[in-house]
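J.: 3D model of this:
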Amino acid sequence: QVQLVESGGGLVQAGGSLRLSCAGRTFSVYTMGWFRQAPGKEREFVAARSWRGGNTYSADSVKGRFTISRDNAKDTPYLQINSLKPEDTAVYYCAASDGYASYYARDYNYWGQGTQVTVSS
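T.: Below is the predicted model:
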């Protein structure tokens with residue numbers, strides 16, 4: 001069982017940056033993903049990376065601004081989010097999968113509780 005806990009969210013002005021962390025025993029999983037859910041909207045894919053293959057995927061809306069990475073020594077995945085926009089406001093979730101990277105939430109086995117990111121204009 002993999003338990004995930006996100007941190008690093010907060011209130012930031014448009015144009016600012018945050019780094020989200022995902023604590024948990026993630027070294028054994030094949031893929032880490034990040035999703036987000038804004039009020040009144042469905043959960044949407046943000047980015048994912050398969051650690052062994054090194055393939056990284058990201059949503060068009062965040063390409064060039066969001067980067068998924070991992071500190072292997074700390075066994076901690078991160079989501080670096082730059083050039084934040086008000087439309088990035090959402091609860092951000094990390095997720096882990098024993099399979100290949102996927103854009104679909106249903107393909108992820110483990111989820112954190114989420115961390116709130118609020119971007120003011």
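J.: what is the burial count for D107?
T.: When neighbours are counted by other CB atoms under 10 Å, D107 registers 16. (Glycine included, C-beta is placed from N, CA and C.)
J.: how about the one 3 residues further on?
T.: The tally of other residues near Y110 (other CB under 10 Å) stands at 18.
J.: surely it meets V2?
T.: Yes - with contacts counted by CB atoms under 8 Å, Y110 reaches V2, the gap being 4.2 Å.
J.: joint contacts of these two?
T.: G24, V29, A96 (CB atoms under 8 Å, 6 or more residues apart in numbering).
J.: now tabulate these in a markdown table and tack on distance to E6, secondary structure and pLDDT.
T.: Putting the shared contacts of Y110 and V2 into a markdown table (distance: CB to CB, whole Å; DSSP: H, G, I helix; E, B strand; the rest coil; pLDDT from 0 to 100) gives the following:
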| residue | distance to E6 | secondary structure | pLDDT |
| --- | --- | --- | --- |
| G24 | 9 | coil | 84 |
| V29 | 15 | coil | 74 |
| A96 | 12 | strand | 92 |
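J.: turn those into JSON lines, columns for neighbour count and distance to A14.
T.: Conversion of the shared contacts of Y110 and V2 to JSON lines gives the following (neighbours: other CB atoms under 10 Å; distance: CB to CB, whole Å):
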{"residue": "G24", "neighbour count": "21", "distance to A14": "30"}
{"residue": "V29", "neighbour count": "22", "distance to A14": "33"}
{"residue": "A96", "neighbour count": "23", "distance to A14": "30"}
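J.: what sits up against the lowest-mean-pLDDT helix or strand in the chain?
T.: Here the helix or strand of the chain ranked lowest by mean pLDDT, DSSP states H and E is strand 66-71, holding a mean of 88. Residues from elsewhere that reach strand 66-71, judged by CB under 8 Å, 6+ apart: 26, 32, 34, 46-49, 51, 56, 58, 76-82.
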